[in-house]
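In: Curious how this folds, go ahead:
(2 chains)
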Amino acid sequence: MAKIILAAGEGGKLTRELVEGLIYPQFKNKILKPLTDSAILDSIKNGEIAFTTDSYIVSPIFFNGGDIGSLSISGTVNDLTMAGAIPIAVSYSLIIEEGFEEDDLKRILKSSSLTAKKAKVKVVTGDTKVLPKGKGDGIFINTSGIGVILKGRKMGDERIEIGDKIIVSGDIGRHGATIAAFRHNLRGKNLSSDCQPLNSIVETLFRNGIKPNSLHDPTRGGVATLLNEVCRRRKVSIEIEEDKIPISKEVLGVCEILGLDPLYLACEGRFVGFFKKEDADKAVKILKKYPSCTRCSIIGEVKKLESINYPVILKTKLGSLRPIDELTTIQLPRIC
Amino acid sequence: MVKKMKTIEFANYPKFADDILKDIKSLSKKLKEEIKIMEVCGTHTQVISKSGIRRVIPENVKLISGPGCPVCVTPTDYIEKAIALLKKGYWITTFGDLMRVPSMGNSLEKEKAKGGRVSVVYSPLDALNIAISNRDESVVFLAVGFETTIPSICATIKKSAEEKIPNFKIFSAHKVIPPPLEVLAKDPSLKIDGFICPGHVSVIIGSKVYDFLPNELGKGAVVSGFEVLDILLSIKELIKQKVEGKPKNVNNYKRAVKDEGNKWALTLIETFFEKEDSNWRGLGIIKNSGLKLKKEWREFEVSLNGIEEKRVIEPQGCKCGDVLKGVITPKDCPLMEKVCTPDNPVGACMVSSEGSCAAYYKYERGLDG
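Out: As a prediction, the model looks like this:
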């Protein structure tokens, strides 16, 4: 089986063959075609520019429901989407370890390509480096993304008000649980990452006249950490209800065996949204039409801050209250 | 009700919980004085704390945590010795919980950050694999735990012997549960009425071992599973026993616990270990409450020759000992939240995932009125 050799990162003929032969065919478009130092984009006249970047070092590279390829596109598309931006273009930088299997690289590129097509976003520029054997860990990917925030679409925590309803777009913890299960040789037929771009789902909300006050994707640290961050930024309290939080049986099972808490497990295809009270029910109805959002649910609401020591409170199934802290230790390393 | 357990959907438990709580409330009204129930299992500590049971049971039903956390009851000098072994060149392998246990300003985690060879393992077999893959290294597994864990250490030693792995040893600090139960039950100042007996430990040792509690000491004993409904049913049973004045030993976890225990695991323990007196943090020395390797297996115990016996001073103000004995609850410790937090733990009870203080801080602080 062909492997990536060190010389393929040297910038000469071998790099050109790698880029033109393997990488470019997956992302073919007019902007990328010149394969020069910079991509030239059309000017953005109808909104503000959103710009984001992320690096992907997930281990294992391939997992149920996705891989580093789909993750590296979804993650960056979702960061733009959470800001209210329509994703336009992403950069795609590969750092490959010498000896990496060419077939695996092709599989990752194909996956990134399919995800980019699904998200209707173009890969417009990129870079490829090869590290000597032992200096990397297979493959790392960095993607940066540009999007446009149309007038009236800007969201942010400063818009969150007391009384806002908190919606999760689907069942939580799937990505974190899938990675954890893989690492401990636990297999579950229906256990898979939720890795997916969210822009078309969020676009549907806007097109139906629903504008969330704020959106966040609960990646590392999970829903619990995200809610704590929002409380600290906005100086509010949040109360969520345990029996309203959607968690699949498979994720619960993995958590039971490994001693994990689903509230702290990463999601890579879910958002937590803060909606005006009057919009919440309609938003849930719209979202539930998507297959990945069938378990979308209003999990709680924003309240006045009572104590900075425990701003996020969970009402248990028994009806008593308990604090939910942000993640303070390593629950799982290298999940995204 | 116990039969229905197998088919209960998690989502439906609030309905069944309401029914059991109603029974608990009406039974508790018949009590002439409060009932004090102690659990001695780290996982029970967590489930009770996490589910908020304390806040929904009547005021006169007191649930206290006892010495159910094996890391918490291990004296602090064990960590000092483990660090000394590390500095002597041993590759230390350990369950995760021991990493952050503080000892005189230090910990295994801090030593690892300085470059010390410490590896966290999920199973003692992983520790043995490290020894097998690194034949030039001397690997020591920190063998801490109650009867739940002991059989797996026995199986690891058995494998090590069969495969002739000379560079694997254990540093044993195993303890067994029934002796401290006797000490706690006999202590008149604690006034414990009954025990929620540990689930996982009982899978190994069975439920009949607790007969002495009602028969000789007049205390109720209920072996409980780990679902919220299991705990509620066990509380209900203990209150009923007190109301009727008839303490009993009841196995409420028949789906996992046999009355006579797991014979294979018990034989394994019997093969490798024998009883010795052991020092329990907070409870002092308890006769026949610890285990040491039998003479014929003692080669697997790491030698402490050259390891200094240090006098470990407990941190000032730390009330771990009183918490472990059930004398005070975590919220009564003056250091709780103000000084002692999970980020800055003063004692083991705040570090271990099974520690009462860790569970209180994580799941109950500030909201218990």
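In: what sits against A:P262?
Out: A:172-173, A:176-177, A:222, A:245, A:247, A:251-252, A:255 (C-beta atoms under 8 Å, 6 or more residues apart in numbering or on different chains). No exception for glycine: its C-beta is placed from N, CA and C like everyone else's.
In: Next, it: phi, psi?
Out: When read as degrees, to the nearest 10, the backbone of A:P262 gives phi -60, psi -30.
In: Could you measure from the residue nearest to it when sequence neighbours are not counted over to A:I57?
Out: Nearest non-adjacent residue to A:P262, counting by C-beta to C-beta, 6 or more residues apart in numbering or on different chains: A:G173, 3.7 Å away. Distance from A:G173 to A:I57, counting by C-beta to C-beta, to the nearest Å: 20 Å.
In: Show the contacting residues for the residue of chain A found nearest chain B.
Out: Relative to chain B, the nearest point of chain A is A:S320 (2.9 Å; C-beta to the nearest C-beta). A:S320 makes contact with B:51-56, B:367, according to C-beta under 8 Å, 6+ apart.
In: who in the stretch 151-300 of chain A is up against chain B?
Out: By the rule C-beta under 8 Å from any C-beta of the partner chain, the part of the stretch 151-300 of chain A lying against chain B is A:184, A:243, A:252, A:259.
In: Let me know the pLDDT of the second one.
Out: By that I understand A:D243. If you check A:D243, the pLDDT there is 92.
In: So for it, what's the nearest residue that isn't a sequence neighbour?
Out: A:K317 (5.1 Å).
In: Share the number of residues neighbouring A:G319, please.
Out: Residues lying near A:G319 (other C-beta atoms under 10 Å in any protein chain shown) number 16.
In: Can you list phi and psi of B:K236 for me?
Out: Backbone torsions for B:K236, taken as degrees, to the nearest 10, come to phi -60, psi -40.
In: I should have written B:P247 there, sorry.
Out: Here B:P247 shows phi and psi, under degrees, to the nearest 10, equal to phi -70, psi 140.
In: separation between it and B:N167?
Out: To B:N167, B:P247 is 51 Å away according to C-beta to C-beta.
In: just the contacts of A:P262 now: which is nearest A:E158?
Out: Closest approach to A:E158 among these (C-beta to C-beta): A:G222, at 23.4 Å.
In: Please report how far the closest one lies from A:I172.
Out: 7 Å.
In: Let me know the pLDDT of the closest residue to chain A within chain B.
Out: Closest contact between chain B and chain A, by C-beta to the nearest C-beta, is at B:G52 (2.9 Å). The score at B:G52 is 91. That number is its pLDDT.
In: any idea which helix or strand comes after the biggest strand by length in chain B?
Out: In chain B, assigned by DSSP state E, the strand with the most residues is strand B:284-293. Counting by DSSP states H and E, the next helix or strand C-terminal to strand B:284-293 is helix B:320-325.
In: and residue 153, what is it in contact with?
Out: With no chain named, the answer covers chain A. A:47, A:84-85, A:206, A:211.
In: nope, chain B
Out: The contact partners of B:I153, taken as C-beta under 8 Å, 6+ apart, are B:124, B:141, B:143, B:145, B:170, B:172, B:174, B:272.
In: Give me the mean pLDDT for the helix or strand that contains it.
Out: Assigned by DSSP H and E, B:I153 falls within helix B:150-162. Taken as a whole, helix B:150-162 has a mean pLDDT of 96.
In: Now whichever helix or strand comes after that helix - C-alpha only, CSV.
Out: Once the chain leaves helix B:150-162, the next helix or strand it forms, by DSSP H and E, is strand B:168-172. C-alpha atoms of strand B:168-172 as CSV (Å, rounded to 0.1, in the frame of the first residue of the first chain):
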residue,chain,number,x,y,z
PHE,B,168,5.8,-6.9,38.2
LYS,B,169,5.0,-6.2,41.9
ILE,B,170,2.1,-4.8,43.9
PHE,B,171,2.1,-2.4,46.8
SER,B,172,-0.8,-3.7,48.6
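In: what distance separates the next helix-or-strand element following strand B:168-172 from the centre of its chain?
Out: Next helix or strand after strand B:168-172 toward the C-terminus (DSSP H and E): helix B:178-186. Relative to its chain's centre, helix B:178-186 lies at 14 Å (C-alpha atoms, centre = their mean, to the nearest Å).
In: Ok, stretch B:149-157 next?
Out: Chain-centre distance of stretch B:149-157: 17 Å, with C-alpha atoms, centre = their mean.
In: what do you get for stretch B:140-159?
Out: The chain centroid and the centroid of stretch B:140-159 are separated by 15 Å under C-alpha atoms, centre = their mean.
In: same check, this time on stretch B:120-136
Out: 24 Å.
In: residues in contact with the lowest-mean-pLDDT helix or strand in chain B?
Out: Least confident helix or strand, chain B: helix B:348-351 with a mean of 88, by mean pLDDT, DSSP states H and E. Helix B:348-351 is contacted from outside by B:69, B:71-72, B:74, B:76, B:97, B:100-102, B:281, B:320, B:323-324, B:330, B:340-342, B:345, B:355-358, B:361, using C-beta under 8 Å, 6+ apart.
In: Among the residues you listed, which are located in helices?
Out: Among the contacts of helix B:348-351, the residues falling in helices (DSSP state H) are B:71-72, B:320, B:323-324, B:356-358, B:361.
In: Dump those residues into a markdown table; add pLDDT as well.
Out: Converted to a markdown table, the ones in helices among the contacts of helix B:348-351 look like this (pLDDT from 0 to 100):
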| residue | pLDDT |
| --- | --- |
| B:V71 | 89 |
| B:C72 | 90 |
| B:C320 | 88 |
| B:V323 | 93 |
| B:L324 | 91 |
| B:S356 | 92 |
| B:C357 | 94 |
| B:A358 | 91 |
| B:Y361 | 91 |
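In: Most neighbours of all those residues, which one?
Out: B:C357 leads the ones in helices among the contacts of helix B:348-351 on contacts (other C-beta under 10 Å) with 35 neighbours.
In: got the contacts of B:I153 as TSV, with pLDDT, distance to chain A and neighbour count columns?
Out: Below are these laid out as TSV (pLDDT from 0 to 100; distance: C-beta to the nearest C-beta, whole Å; neighbours: other C-beta atoms under 10 Å in any protein chain shown):
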residue	pLDDT	distance to chain A	neighbour count
B:P124	95	16	26
B:F141	97	19	31
B:A143	96	20	27
B:G145	93	15	21
B:I170	98	23	24
B:S172	96	24	24
B:H174	96	21	24
B:F272	98	27	23
